[in-house]
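Let's see this in three dimensions:
(one chain, ligands or ions: 1)
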Amino acid sequence: MALVEIKVPDIGDFSEVAVIELLVKPGDTIAAEQSLITVESDKASMEIPSSHAGVVKELKVALGDKVAEGSIVLVLETTGEAAVPAAAAPAPAAAPVAAPVAVAAPAVTVAAGPVEVRVPDIGDFKDVAVIEVFVKPGDSVKVEQSLITVESDKASMEIPSSHAGVLKELKVKVGDKVNIGDLLAILEGAAGATAPAAATPVVAAPAPVAAAAPVAATVTANAVAHNPTATPALGLPHASPSVRKFARELGVPLAEVKGSGPKGRITQSDIQGFTKSVMAGAIQTLAQAAKAPAAAANNGGGSELGLIPWPKVDFAKFGPIERKELSRIKKISGANLLRNAIMIPAVTNHDDADITDLEAFRVSTNKENEKSGVKVTMLAFLIKACVAALKKFPEFNSSLDGDALIYKQYYHIGFAADTPNGLMVPVIKDADKKGIFQISQEMGELAKKARDGKLSPAEMTGATFTISSLGGIGGRYFTPIINAPEVAILGVCKSTMEPVWDGKQFVPRLMLPLSLTWDHRVIDGAAAARFNVYLGQILSDFRRVLL
Ligand code: CAO
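Model prediction:
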């Protein structure tokens, strides 16, 4: 038995990093390699493990402290052997970082022909999953530009390019597992590489650490920001790798957990608190379903609801198949959609609005303003019309908070956007204060950002009501799922010319199919019918907005 000071090991390029989590306390018995604290820079969060097993005698750091290589983390009364060979731990009791985040990138090189970019030395990581891909063939890539994000249970990190050039071929996709040396991409025309003149030879394999540009290993929050999640209710899941792992194990959707740590960080106790509150919910079985919604949908779950198990079928028995992982966005939005579908007693009212005059006005407005570059869309009018209806029926602009209703006095309207990665819901903020042109322009910009995976979390949060328009595609009616904690959503389909009886004769009118889904805990059927009727009146004569 001996007292050993456990120090912060070599953490790469990170000089001063903040302690954001204490994972042990005095008196705890810990195993070698057990994580002791989490530290975070602006680029990465990482857990610092113990090099020895033993009992924690004294913690030498507190939350918010800044530490660097060699800082003493704690004093340990050892009970066993060091976890790592002495040679690997130069300072007494300093352990290597279990999840090294300052990863060695391949040497910066200049090449004329095609160059292979491979996964550099990523320390202890084996079979790490690619969770994001930032580039596509044809992209011009700079040296050190991030190509992909990989994630283990301890950290997520971005892998940079060792070369500049044009991306000819991408060899990985989201969901692939990669290891050191794996081929990521082939670049061509590396003339733009900013390598030192005394360039190292063209290498494809991982280069020594000394020659390395550090990889920007990002916390999940940063990673998510590149390719944000799908639902507007999602905040930024800002949590350390171990907390994310913990959440995954419990099936807790991190995006819905409110972080109590600094800068809204989600801690382990937040996850526990979230789980407890779900478990203690009035409708316990439903709450349990919400705990692991994606699993219930995809992995044969559902027993929490007393349902028979999901059918397990060997599809290959019946014909050729291909298995593809769901995109990250689909996984997250799927979990939210399932919870909302199960937990909200939702009803949908269908109706039609006569938009003959409005469409004529829209077309003529666009003709008059052809040069402005802004195209006025039907959706912009719908947003404005919905704002008027929300003002008249404020419970549609509310959220449930236990036994109370929160009436929001702002009108932020989300609109569903179809993107290659899945459904996203950007939000037009303060739609009541904006004109049709401004809304149309913002919508165009936000929809483009959504398709490019560039929406910021702020652009996807705070909606008070959502519109899902399939008008550009087709169909008659559908039953959109409410985007909790909102209490209603409007689905819109393609308008068609229809014969409408005007009291004397059938006249051709352009009719827009509306589908309003509402939360029956908050809204009554009569109110929903009135909302739709009012919305229809506005759409058929927009002057009513002024009344
Ligand atoms: N009836 C008839 N035509 C319509 C229409 C409607 N209700 N709404 C739009 N159109 C027309 C537009 O006028 C446009 O025609 P032109 O090109 O001739 O001008 C065409 O359809 C394409 O419109 P758009 O879809 O590009 O534009 P938008 O403003 O209507 O919608 C956006 C933008 C981002 C909402 C849309 O692109 C989108 O992603 N829709 C899918 C939303 C979705 O997936 N919802 C389902 C969610 S639940 O899974």
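
Name the SS class of the closest residue to the ligand within the stretch 1-150 of the chain, please.
Distance from the ligand to each residue of the stretch 1-150 of the chain (CB to the nearest ligand atom) is smallest for residue 136, at 20.3 Å. For glycine as for every other residue, the C-beta is placed from the backbone atoms N, C-alpha and C. Three-state assignment for residue 136 (DSSP: H, G, I helix; E, B strand; the rest coil): coil.

list the contacts for it?
Applying CB atoms under 8 Å, 6 or more residues apart in numbering, we find residue 136 in contact with 167, 170.

next one: phi and psi at it?
Main-chain dihedrals, residue 136, degrees, to the nearest 10: phi -140, psi 160.

Dihedrals phi and psi, the closest residue to residue 519 other than its chain neighbours?
Residue nearest to residue 519 in three dimensions, not counting chain neighbours: residue 487, with 4.2 Å by CB to CB, 6 or more residues apart in numbering. In terms of degrees, to the nearest 10, the main-chain angles of residue 487 are phi -120, psi 0.

Hmm, residue 396 and residue 487 touching each other?
Yes. If you go by CB atoms under 8 Å, residue 487 and residue 396 touch, sitting 6.5 Å apart.

Which neighbours do the two have in common?
Counting by CB under 8 Å, 6+ apart, the residues touching both residue 487 and residue 396 are 518, 523.

What ranges does the stretch 201-350 of the chain have for its helices?
220-226, 241-250, 268-279, 284-291, 293-298, 328-343 (DSSP state H, counting those that start in this stretch).

Rounded mean pLDDT for the first one, please.
Throughout helix 220-226, pLDDT has a mean value of 27.

Please apply the same query to the fifth one.
In this model, helix 293-298 has a mean pLDDT of 46.

and the longest strand belonging to the chain, which residues are buried?
Counting by DSSP state E, the longest strand found in the chain is strand 506-519. Residues of strand 506-519 classed as buried under the neighbour-count rule (16 or more other CB atoms under 10 Å) are 509, 510, 511, 512, 513, 514, 515, 516, 517, 518, 519.

residues contacting the fifth one?
To tie it back to what came earlier, the one meant is residue 513. The contact partners of residue 513, taken as CB under 8 Å, 6+ apart, are 350, 351, 352, 476, 477, 492, 493, 494, 495.

picking up where we left off before, would you mind checking which of the buried residues of strand 506-519 is nearest to the ligand?
residue 512 (5.6 Å).

hang on, that closest one packs against residue 539?
Yes. Look at residue 512 against residue 539 with CB under 8 Å: they come within range, at 6.6 Å.

follow-up on the earlier one: can you narrow the contacts of residue 513 to ones near the ligand?
492, 494, 495 (CB under 6 Å from any ligand atom).

In those, which residue is surrounded by the most others?
Tallying neighbours with other CB atoms under 10 Å puts residue 492 at the head of these, with 26 neighbours.

contacting residues around that residue?
Residue 492 neighbours (CB under 8 Å, 6+ apart): 378, 379, 382, 467, 468, 469, 470, 471, 512, 513, 514, 515.

sec struct for residue 443, please.
Residue 443 - assigned by three-state DSSP - is helix.

Please work out how many residues are found near it.
Using other CB under 10 Å: residue 443 sits among 21 other residues.

Please apply the same query to residue 138.
8.

For the stretch 51-200 of the chain, which segments are assigned as strands?
Assigned by DSSP state E, counting those that start in this stretch, the strands in the stretch 51-200 of the chain fall at 52-59, 66-67, 72-82, 115-118, 128-133, 140-141, 146-151, 156-160, 165-170, 177-178, 183-188.

any idea which of those is most buried?
strand 156-160 (a mean of 27; mean count of other CB atoms under 10 Å).

so what strands line up beside that one?
In the sheet containing strand 156-160, its partner strands are strand 146-151 (antiparallel), by DSSP bridges.

and the partner strand, C-alpha only, in CSV?
The C-alpha coordinates for strand 146-151 follow below in CSV (Å, rounded to 0.1, in the frame of the first residue of the first chain):
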residue,chain,number,x,y,z
SER,A,146,-12.1,17.9,-40.7
LEU,A,147,-13.3,15.0,-42.9
ILE,A,148,-15.3,12.9,-40.5
THR,A,149,-16.3,12.6,-36.9
VAL,A,150,-15.8,9.3,-35.1
GLU,A,151,-17.1,8.4,-31.7
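
gap between it and the chain center?
Between the centre of strand 146-151 and the centre of its host chain there is 15 Å, according to CA atoms, centre = their mean, to the nearest Å.

now swap in stretch 450-466 and tell me
Offset of stretch 450-466 from its chain centre (CA atoms, centre = their mean): 10 Å.

try stretch 344-357
Counting by CA atoms, centre = their mean, stretch 344-357 comes out at 30 Å from the chain centroid.

Which positions in this structure make contact with the ligand?
Near the ligand, when you scan the chain using CB under 6 Å from any ligand atom, you find 377-379, 415-418, 423, 447, 468-472, 480, 492, 494-495, 512.

Would you mind splitting the chain into its domains for me?
According to the TED database, the chain comprises the domains 2-78, 331-546.

pLDDT on the shortest one, on average?
Right, domain 2-78. 86.

begin at 38 from here
Done: numbering now begins at 38, and the last item shifts to domain 39-115.

From the opening residue of that domain to its closing one, how far?
5 Å (CA to CA, to the nearest Å).

ok, now which ones touch residue 198?
Neighbours of residue 198 in contact, by CB under 8 Å, 6+ apart: 154, 178, 179, 180, 181, 182, 183, 184, 222, 224.

Relative to the ligand, how far out is it?
32 Å (CB to the nearest ligand atom, to the nearest Å).
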